[in-house]
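> When you get a sec, could you give me coordinates for this:
(2 chains)
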Amino acid sequence: MILLKKRAPRIREKRIDTLNAWIGPADSAVREFAGQEVVQRIRTFSQSSNDDLLHALNILCRIEKSATVIHSPRGCAVAALYHKVAQGRGNWIVTNLDQKDTIMGADRKLRKAVTTAYRTYDPEVIFILSSPVAAINNDDIQAVVDELREELELPVIPVFVTGFASRNALTGYDIALHSIFRQLAGGRESGGRNGRVNLFSVAEHRSDLQEVTRLLTALGLELNVLPDNASIWTFVEATEARFSISLNHDADNYLGTVLREEYDVPYLEIERPLGLEATGRWLLDVGKAAGVGQAAAELHRQESVRVRRELGDFTLSGIRVYLSLSPSTALQVAKLVEESGGEIAGITVPHLDVLHIAQLKLLASRHPLLQVHIADGQPFEELNILRRFAPDLYIGDGAHTGQVARLGFPVVSLEQTRILAYNGTLNLVQRISVALKNRSFGERLASVTLPYKESWLQRSPNWHIKKEVK
Amino acid sequence: MTYHIDGSRNSCALHGALQLIEAIEGAVPVIHSNTGCGMQHYLGVNRLGPGTDSSGGPPVSSSNIGEKHIVFGGSSRLREQLKNTIKVVEGELYFIVSGCSTEMVGDDIPAMAKEGLEQRFPIVYANTPGFRGAVHQGYELAVRALIEQLPALSGGRQKPTDNLVNIWGIIPRQDPFWAGNLEEIGRLLEGIGLSPNLLIGYGQGPDNWRYVPEAVLNISVSVWGEAPARLLEERYGTPSVLLDGLPVGSAAGRLLNAVSDRLGLDTDRTERFVAAEETRLGRQLAGFADIYYRAGFQREFALVAESAQVVGIGEFLGRTLGLLPRTLIITDNPPEESMGAIRERLSGLVDGWKAEVFFSEDHAEIQDIVFSGGAEVVLGSALEAKVADSLGVPFLPVSFPLADRVVIHRGYAGYRGATALLEDIGSAMLSRSFT
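The predicted structure follows:
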């Protein structure tokens, strides 16, 4: 239990050298990671973006039969309102901390909120999500947890996010998953293997998960899907699985690492199944690990025939595409674009870390001078870059696509679009085709002013990125 | 003392201030807080009232303080962020709003604003940590900051506009129909010869806020506009007309008459204008009557919304459209001193019939109340869709948060709003097989 000893995992910057701000050519990006320690950068001007609280919440609200108590003032819970209303997920209560609570602490209020959640939702597990206020105030959440776990006879799991300890929001996934294993899985007493295979699905699109499940079930695999739609017991079962399959190693890296290091569950760290080629490799790797390599090859052959037929004469020949996507998605979409005859104009990713070195090297060997921009959100930099590059198409998954679209070129948002495996690839291609065939909406938006000053857009986009002084 | 809330629909003071600032053209919010505060606002407020996004993304300036600033203070980070915001983001007015963390560690926000002012930058500020209250308090804090700090900024008052009337109390997005409601109220005031100062929405910028002291009257259309109206009365002696809720249908005519009397306007003109609006609405109702009777529109309804909407929409449904208010739930925690009057007014909405009036923002409690009260049609936020479904009755989303409805220009205030409401509730009742 080395990894799970502390109440929260090490932040990604320390654990895997995550870089959150940077601009430069791909070959320099490779060099950034070549030294002993990555030099962190900060911004002297910044814009709102994700934090660990938001990402932790995004996982917790997907756990079946759970309730979450958000220990914070009201505002830290509105993302949960979004999940509840727009996505139909999650039961939650906010402790609604006020000024007095920030001075006196609010243990009693937390206790009441947890017992109310217990009575209202009859859950199998209750999460207590910390917040900046609770973290600064150092509220004794653990004492409340210890007391109520006995009283209510169910797992009460504290999730110690802070909103400021890490600049990488994915740390929130790590903290949430860490907390669940720390409380639930216990030691290695059972140690047995249950014949199932873990499929990691961290905040994936529902249809993507369906598509991947369809393929794996066709191979005869018995799946243990987590954390999306998992019950709390799925996590216990996960510790006894044959092996784990990655869908997106940016998101599931820590999950896979914990299960591998602490429970000896092998972690199949494979590239995201996106695009025909990568999906084939992904399926074959899974097939091999499961001992059904031949069936996997046959399934890929059948699906490929179908997908190729449906793709018809789709081509991106002559199209320069800018990508603003999470790294494991970006690197795969880049391949898809190039396989389809298109050209990559540049890439923005929310972060890069040691997990991407191999892929980054491949990219740099093909395009050493391709500009890589690291920014979670920060559309002021992206718009600056995009105005110079003037791509023919923009594919993004951030919350600011509506702003980018004011530059006038076609935009495809992957934020709520299925993109994985065969049917996802077909859907992605359809979205791209439609965007390129009718550009009228973007062209109309181009007459709306941008939020930024012309003098900024003329400046070098890395103007506000500085080396951190320790 | 505050209590925990299940599925709260009222976000925090910081977000309330942002809601106001984002609705003022040319005003740029500068958030001094954690990275996620603005994103929470974007996801949990902006995206749940889809259709009127000002910048096309999350807030454009946020200091995103880290651990270092929590430990050593973040004032210098704010100084840097403010200076660079002015260089990067186009704007006429930069509005610093603080979050919980920076207030807890004691960053001196006024001092940073003062520094900027000394360099002649147009800056105002408000201390808006989330723990100070809900969106409603955030709206009040931001409005107060503008009223108090703008005069020092503008380099002298603008030239007075004749018959200018300020409108207060509509909180952008918390009323999903804010833009349409304001425009309609403006149209009606213009109809009787006044110049409405809407202050937020399309074409409304810092200059409109500079005219505020020149107004001849302040109109508040919710309890949340009372504080600004009082403040202006104190400072400039401007009289005010205070309403508990949006004027929907004939209530708008009554407002116009009251304002007209108050300001000594041409009563003939006002009466002619109101009569024309009434005739138009009457014709529309008559044209709608066939469906109304055929489909059995006279039903008992439950309405879950902010006080201004419950008063406005509830009154129109009860007093003009002939529906019976079964359960009315007010979700915005009006100040205690107004609760009694609102309750009394609403429970007696229809003569000889007592409506049940509740004040709650707790989703679990609201569901229970609506379900146990029963209703033949439910109006509320997207959170109430489920209970309408459980009751097996039509549902019309009218309050925050919205999920599957896009609102850009639509409003339910005034005469045009009454027509829109008629269309929407009619469509809800006719949809599927509820008839």
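
> Are stretch A:160-176 and chain B in contact anywhere?
Yes - with Cβ under 8 Å from any Cβ of the partner chain as the criterion, chain B is reached by stretch A:160-176 at A:162-165, A:167, A:169. In this view, the C-beta of every residue, glycine as well, is placed from N, C-alpha and C.

> Domain parsing of chain B, as residue ranges.
B:13-153, B:164-268, B:296-430 (automatic domain parsing).

> Generate JSON lines for those, with mean pLDDT and distance to chain A as supplementary columns.
Below are these laid out as JSON lines (pLDDT from 0 to 100; distance: least, Cβ to the nearest Cβ, whole Å):
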{"stretch": "domain B:13-153", "mean pLDDT": "95", "distance to chain A": "2"}
{"stretch": "domain B:164-268", "mean pLDDT": "96", "distance to chain A": "11"}
{"stretch": "domain B:296-430", "mean pLDDT": "96", "distance to chain A": "5"}
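
> ok so, going back, got a winner among the residues of stretch A:160-176 next to chain B for most neighbours?
Most neighbours among the residues of stretch A:160-176 next to chain B, by other Cβ atoms under 10 Å in any protein chain shown: A:Gly163, with 32 neighbours.

> so what's it up against?
A:51-53, A:76, A:131-132, A:135, B:34-36, B:101 (Cβ atoms under 8 Å, 6 or more residues apart in numbering or on different chains).

> I only care about those residues that end up buried; give me the ChimeraX line for that.
Selecting only the buried entries of these in ChimeraX, with 16 or more other Cβ atoms under 10 Å in any protein chain shown as the criterion:
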select /A:51,52,53,76,131,132,135 /B:34,35,36,101
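
> just the contacts of A:Gly163 now: which is nearest B:Asn46?
B:Asn46 lies nearest to B:Gly36 out of these, by Cβ to Cβ, at 14.4 Å.

> Go through the domains of chain B and pick out the most buried.
Compared across those, domain B:13-153 shows the largest average neighbour count, a mean of 23 (mean count of other Cβ atoms under 10 Å in any protein chain shown).

> Helix or strand next in line after the top strand by length along chain A, which one?
Scanning chain A for the longest strand, with DSSP state E as the assignment, gives strand A:343-349. Following strand A:343-349 in sequence order, the next helix or strand is helix A:357-366 (DSSP states H and E).

> circling back: out of the contacts of A:Gly163, which comes closest to B:Ser11?
A:Cys76 (9.3 Å).

> Confirm that the closest one sits in a strand.
No - under DSSP: H, G, I helix; E, B strand; the rest coil, A:Cys76 sits outside any strand and is assigned helix.

> Surely it is in contact with A:Val94?
Yes - in this structure A:Cys76 lies within contact range of A:Val94 using Cβ atoms under 8 Å: 7.3 Å.

> who touches both of these two?
A:Ile70.

> how long is stretch A:34-44 end to end?
26 Å (Cα to Cα, to the nearest Å).

> Tell me which residues touch residue 2, please.
I went with chain A, as the question did not name one. A:261-262.

> oops, I was thinking of chain B
Counting by Cβ under 8 Å, 6+ apart, B:Thr2 has contacts A:96-98, A:101.

> change it to 10 Å
Applying Cβ atoms under 10 Å, 6 or more residues apart in numbering or on different chains, we find B:Thr2 in contact with A:73-74, A:95-101, A:106, A:109, B:131, B:133-134, B:333.

> Tell me if it really is in a strand.
No - read with three-state DSSP, B:Thr2 is coil and lies in no strand.

> just so I have it, where are all the strands in the stretch 151-300 of chain B?
B:164-168, B:195-197, B:217-220, B:240-242, B:300-305 (DSSP state E, counting those that start in this stretch).

> Tell me who's in contact with A:Phe200.
Counting by Cβ under 10 Å, 6+ apart, A:Phe200 makes contact with A:177, A:224-228, A:238, A:244-249, A:251-253, A:255-256, A:259, A:267-268.

> and if we set it to 6 Å?
Contact partners of A:Phe200, counting by Cβ atoms under 6 Å, 6 or more residues apart in numbering or on different chains, are A:246-247, A:252, A:255.

> Which neighbours in the sheet does the helix or strand hosting it have, and how are they oriented?
In the assignment (DSSP H and E), A:Phe200 maps to strand A:197-201. The strands beside strand A:197-201 in its sheet (DSSP bridges) come out as strand A:223-227 (parallel), strand A:243-245 (parallel).

> any chance of these in a markdown table, plus mean neighbour count?
A markdown table is the format used below for the strands paired with strand A:197-201 (neighbours: other Cβ atoms under 10 Å in any protein chain shown):
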| stretch | mean neighbour count |
| --- | --- |
| strand A:223-227 | 23 |
| strand A:243-245 | 23 |
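
> For those, give me a markdown table that also has mean pLDDT and distance to A:Lys288.
Formatted as a markdown table, the strands paired with strand A:197-201 follow (pLDDT from 0 to 100; distance: least, Cβ to Cβ, whole Å):
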| stretch | mean pLDDT | distance to A:Lys288 |
| --- | --- | --- |
| strand A:223-227 | 97 | 17 |
| strand A:243-245 | 97 | 11 |
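
> Fine by me, we can end here.
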